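Trainee: Here is the input, now give the coordinates:
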Amino acid sequence: MQFERLEGWAIWPVQMKDRKRATYSLRRRLTFAMAAGFMLVLVIISIGLWSYARSAANQTYDLLLQGASIAIEERISIIDNKVLVDLPPAAHQILALSRADRVFYRVMDANGKTITGNQDLQSVGSPTEDKTNQFYDAFYLGELVRFSVRYRHLVSATATETVGVQIGQTRNSRNELQRDIFLKGFSGLAILAVISLVFSRVAITIAMRPLLGIEKNISQRTQFDLSPLAAQPPREIVGLIDSINGFMNRLAVSKDNAEQFIADVAHQMRTSLTTVMGHMQNADNQMDPKIHKASNEKALSALARTINLTNQLLAHAMIMHRHDHIEFEEIDLAQIITAAVERTLSIDRHENIEIEVHIAPKLKGCAFVVGDAVAIKEAIDNVLVNAVQHSGGQCRIWISIEETATSGVCIQIEDDGPGLDLAQQSAVLERFFATGPYAGSGVGLSIVSAAMKSHSGSIELTGSPHGGVCIKLTFPKLVEH
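Mentor: As a prediction, the model looks like this:
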């Protein structure tokens, strides 16, 4: 069960029923796909099998017609210029082998005139002038009949004559043989297809068994177990397992960061609020107006630091959150820096601050990168505020924007403040590390570090030739315009 918030007022349970309704069975889909493939192959093979069965049946019974035709031809002769036909018993015996069919015949001369036999066969079919053996199908007496036509040259002492023998046989036995061949072949194919489908189903089930193990592994975990899956998947789903493990690793890192962040924030806020409360209680217990006023001023100063700490912590959390959700766009670093300088100089207590901005001539007054304008604005503001704060409100700041050798862009911010020890240059990037007489909350530079990390950039702290700190913010790619 999940929960859904409505209009910020109530939390209502949302059943998973609708989501399950949209799911489907991969095993069933694969089985149906295999069955459809088998059916298509079976249909194609069946068409070929039907044609083969018809051809085989025709060849078998055409031999009977041909044998009967030869037997009749052997008993045809010319006597006194007349064609005589003596139907042999062998022809009847051959044709009698197909008891389910009726047989028709005629003997004709070279012009197609019937000499003996069924006279109306003269108009059935269309035998060609080819004098070799011919086979064709034609309708006779309402039935489809298979005909054979065979010609022979007869030579006598006084005459030469060409005669033809036409024999027809109904297709009952042929059709029965054709169906028998087809059904026996098709039955074997159907049984083979069913067996193949069963084996395919078993193979699909075996192939999907690792997925069931992964499902069981994940479903039995608690919400705190984000360890990688220990499954040994087949190559086809290695990418899926790696993606799940990568996602859980990111969740684990995000969870650890969030827990650490919350713990640090809770500690800092409790400390700051306790300090404010202590100064206010001390002011209430003082009868001397001067001491009372001094305690109130300390309380207000501590309260101001608490508000500043709260704002910086919120900015830090916002940058971390926006990194996972915001879509980057093209922004002009020169424009962002100019706006940040104007905001810094507009603060009343910063009247002793001087800021110089230099943009490399090659950049022509602009430096476009792909990023989040809000996060970069917060980073630049915190660098400038940090420089001003640690100088006690009196310093000079030099800002330069240049293209790097790798086609990136580097923002270099230097000041003439007190500077940092070599051991402190990496520590100041951690949350709540503060040093110096004008130390703040220790969050500012950690915001800068988080912003640069979200842009795949880098931050580097070194000593400045002017005596203070030099901070280099490098973005990986400069967008040409």
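
Trainee: CA only for contacts and neighbour counts going forward, please
Mentor: Will do.

Trainee: can you give me the mean pLDDT across stretch 405-414?
Mentor: Across stretch 405-414, the average pLDDT comes to 88.

Trainee: What distance separates the opening and closing residues of it?
Mentor: 21 Å (Cα to Cα, to the nearest Å).

Trainee: begin at 29 from here
Mentor: All right, first residue 29 from here; so that's stretch 433-442.

Trainee: who's in contact with the nearest residue to residue 419 once chain neighbours are set aside?
Mentor: Closest residue to residue 419 apart from its sequence neighbours, by Cα to Cα, 6 or more residues apart in numbering: residue 445 at 4.9 Å. Contact analysis of residue 445 by Cα atoms under 8 Å, 6 or more residues apart in numbering lists 415, 418, 419, 423, 495, 496, 497.

Trainee: separation between residue 372 and residue 383?
Mentor: 9 Å.

Trainee: Please indicate which of the contacts of residue 445 are buried?
Mentor: Burial by neighbour count, judged by 16 or more other Cα atoms under 10 Å, picks out 415, 418, 419, 423, 496, 497 from the contacts of residue 445.

Trainee: tell me which of the residues you listed is nearest to residue 315?
Mentor: Nearest to residue 315 among those: residue 418, at 35.4 Å, using Cα to Cα.

Trainee: between residue 372 and residue 383, what contacts are shared?
Mentor: With the criterion set as Cα under 8 Å, 6+ apart, the contacts of residue 372 and residue 383 do not overlap.

Trainee: circling back to that earlier point, just the contacts of residue 445 now: which is nearest residue 437?
Mentor: When these are compared against residue 437 (criterion: Cα to Cα), the nearest one is residue 497, at 19.6 Å.

Trainee: Do you know the pLDDT at that closest one?
Mentor: With respect to pLDDT, residue 497 scores 85.

Trainee: With residue 64 instead?
Mentor: 90.

Trainee: That one is in what secondary structure piece?
Mentor: helix 54-101 (DSSP states H and E).

Trainee: ok, then the element right after that helix?
Mentor: strand 104-107.

Trainee: on contacts alone, who are the packing partners of the lengthiest strand in the chain?
Mentor: Criterion DSSP state E: the longest strand present in the chain is strand 171-183. Contact here means 3 or more Cα pairs under 8 Å, 6 or more residues apart in numbering; DSSP states H and E; on that basis strand 171-183 packs against helix 54-101, strand 104-107, strand 162-168, strand 188-198.

Trainee: TSV for these, including distance to residue 387 and mean neighbour count?
Mentor: As requested, these are arranged in TSV below (distance: least, Cα to Cα, whole Å; neighbours: other Cα atoms under 10 Å):
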stretch	distance to residue 387	mean neighbour count
helix 54-101	59	16
strand 104-107	118	16
strand 162-168	97	16
strand 188-198	103	22
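
Trainee: Quick check: bridge partners of the nearest residue to residue 198 once chain neighbours are set aside?
Mentor: Leaving out its chain neighbours, the residue that sits closest to residue 198 by Cα to Cα, 6+ apart is residue 173, at 4.4 Å. Legend: beta-bridge partners of residue 173 under DSSP bridges are residue 166, residue 198.

Trainee: What is the burial count for residue 173?
Mentor: 24 (other Cα atoms under 10 Å).

Trainee: OK, contacts around it?
Mentor: 165, 166, 167, 196, 197, 198, 199.

Trainee: okay if I get those residues as a markdown table plus distance to residue 234?
Mentor: As requested, those are arranged in a markdown table below (distance: Cα to Cα, whole Å):
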| residue | distance to residue 234 |
| --- | --- |
| 165 | 55 |
| 166 | 57 |
| 167 | 58 |
| 196 | 60 |
| 197 | 57 |
| 198 | 55 |
| 199 | 51 |
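
Trainee: pLDDT of the helix or strand containing residue 136, averaged?
Mentor: Here residue 136 sits within strand 131-137, counting by DSSP H and E. Across strand 131-137, pLDDT averages out at 88.

Trainee: what's the span of stretch 112-125, first residue to last?
Mentor: With Cα to Cα as the measure, stretch 112-125 spans 26 Å from end to end.

Trainee: who touches that stretch?
Mentor: Under Cα under 8 Å, 6+ apart, the answer for stretch 112-125 is 92-93, 95-97, 99-100, 103-106, 131, 144.

Trainee: what's the answer for stretch 384-398, then?
Mentor: Stretch 384-398 has contacts (Cα under 8 Å, 6+ apart) with 356-363, 424-431, 437, 503, 505-509.

Trainee: Can you flag the buried ones in those?
Mentor: Buried, going by 16+ other Cα under 10 Å: 359-362, 424-431, 437, 503, 505-506, out of these.

Trainee: Among those residues, name the ones in strands.
Mentor: Mapping those onto strands (DSSP E) picks out 359, 360, 424, 425, 426, 427, 428, 429, 430, 431, 437, 503.

Trainee: which one of the residues you listed sits closest to residue 325?
Mentor: Residue 325 lies nearest to residue 424 out of those, by Cα to Cα, at 29.3 Å.

Trainee: Okay, and the beta partners of the closest one?
Mentor: residue 382.

Trainee: Report pLDDT for it.
Mentor: 87.

Trainee: is it true that it touches residue 373?
Mentor: No. The pair residue 424 / residue 373 is not scored as a contact, 11.5 Å apart, by Cα atoms under 8 Å.

Trainee: Now do the shared contacts for those two.
Mentor: Common contacts of residue 424 and residue 373 (Cα under 8 Å, 6+ apart): residue 381.

Trainee: For residue 170, give its distance to residue 152.
Mentor: 12 Å.

Trainee: quick one: low-confidence ranges for the stretch 379-509 of the chain?
Mentor: Applying pLDDT under 70 to the stretch 379-509 of the chain picks out residues 379, 420-421, 449-472, 509.
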